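Asker: Take a look and give me a structure for this.
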Amino acid sequence: MVKEAVEEAKKAAEQAEQEAAETSDDSGNTAEASEEPEEEATVGGDGEAAEDSEEEEAKDGEEEPKSGKKLFGKKNKKDKKDEKIEELTDRLTRQMAEFDNFRKRTEREKSQMYEIGAKDIIDKILPVVDNFERGLGAVKEEDKEDPFIQGMEMVYKQLMTTLESVGVKPIEAVGQEFNPDFHNAVMHVEDENLGENIVAEEFQKGYMYRDSVVRHSMVKVAN
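Answerer: Numbering: from 1, shown residues only. The predicted model follows:
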């Protein structure tokens, strides 16, 4: 009986030890299981934090170029009012230049028209001058004291003075070298006393108005 009781006690002790060992194993597994989610949670929290930090850095990186564009890439646009002022100023400058050119061209054309008209009138007056000179040249010496002849001479002098005051002057011919720009040769003569191409005689006076020839001198040239 005693042996049976001892053996039963031993078995009960062994069962208790086994149960205690199994209980310790279960608690250890439970602790490990509880630690693994915490680690996963920690890892997950760190990943989310890392992702959040990366997103913030990306946003900062995007904002920096935008701010850079605003600081450096943005061009200063002119105001529409300033552009309109520049356009009107340029247009006014061009119109003033065109008007100045028109004024100069008009003045030049008016001067040319005036000169052409004056030359035409002078050309019509010159035959009257020629007739005065022919008539006074035909007067005899004893008739020069006649009041009528003296009156004719006064009218002739007044006419020549008036023509001279507006720029009309006779062309020098006799004794000058022949110049086709001023002289019109109608005869040639052999004369050893005169040089070659020297005007020997003038048949009709030539006249100039300012710097242009109204009528060429009609002359005889020595060869």
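Asker: quick one, phi/psi of Met218?
Answerer: phi -90, psi 110 (degrees, to the nearest 10).
Asker: mind checking pLDDT for it?
Answerer: pLDDT, Met218: 92.
Asker: repeat for Thr93
Answerer: 92.
Asker: and it, what is it in contact with?
Answerer: Neighbouring residues of Thr93 by Cβ atoms under 8 Å, 6 or more residues apart in numbering: there are none. To be clear about C-beta, it is placed using only N, CA and C from the backbone, and glycine gets the same treatment.
Asker: So what sits opposite Val199 in the bridge?
Answerer: With DSSP bridges as the criterion, Val199 is bridged to Val221.
Asker: Could you double-check that it lies in contact with Met218?
Answerer: No. The criterion here is Cβ atoms under 8 Å, and Val199 misses it with Met218 at 10.4 Å.
Asker: More neighbours: these two, which one.
Answerer: The neighbour count for Val199 versus Met218, taken as other Cβ atoms under 10 Å, is higher for Val199 (22 against 17).
Asker: got a list of what the more buried one touches?
Answerer: By Cβ under 8 Å, 6+ apart, the neighbours of Val199 are 173-178, 183, 217, 219-222.
Asker: Return the closest of these with respect to Pro127.
Answerer: Using Cβ to Cβ, Ser217 comes nearest to Pro127 of these, at 15.0 Å.
Asker: For the residue lying closest to the closest one once chain neighbours are set aside, the count of nearby residues, please.
Answerer: In space, and not counting its chain neighbours, Ser217 is closest to Gly206: 3.2 Å by Cβ to Cβ, 6 or more residues apart in numbering. Residues lying near Gly206 (other Cβ under 10 Å) number 20.
Asker: gap between Gly206 and Arg108?
Answerer: 27 Å (Cβ to Cβ, to the nearest Å).
Asker: Kindly report the same for Phe102.
Answerer: Counting by Cβ to Cβ, the gap from Phe102 to Arg108 is 11 Å.
Asker: Could you pull up the residues touching the residue lying closest to Glu190 once chain neighbours are set aside?
Answerer: Computed as Cβ to Cβ, 6+ apart, the closest residue to Glu190 that is not its neighbour in sequence is Asn223, at 5.7 Å. Under the criterion of Cβ under 8 Å, 6+ apart, the neighbours of Asn223 are 188-191, 196-197.
Asker: Helices along the protein, start to end?
Answerer: 2-68, 80-137, 147-165 (DSSP state H).
Asker: residue ranges with poor pLDDT in this structure?
Answerer: 1-10, 12-13, 16-17, 19-78 (pLDDT under 70).
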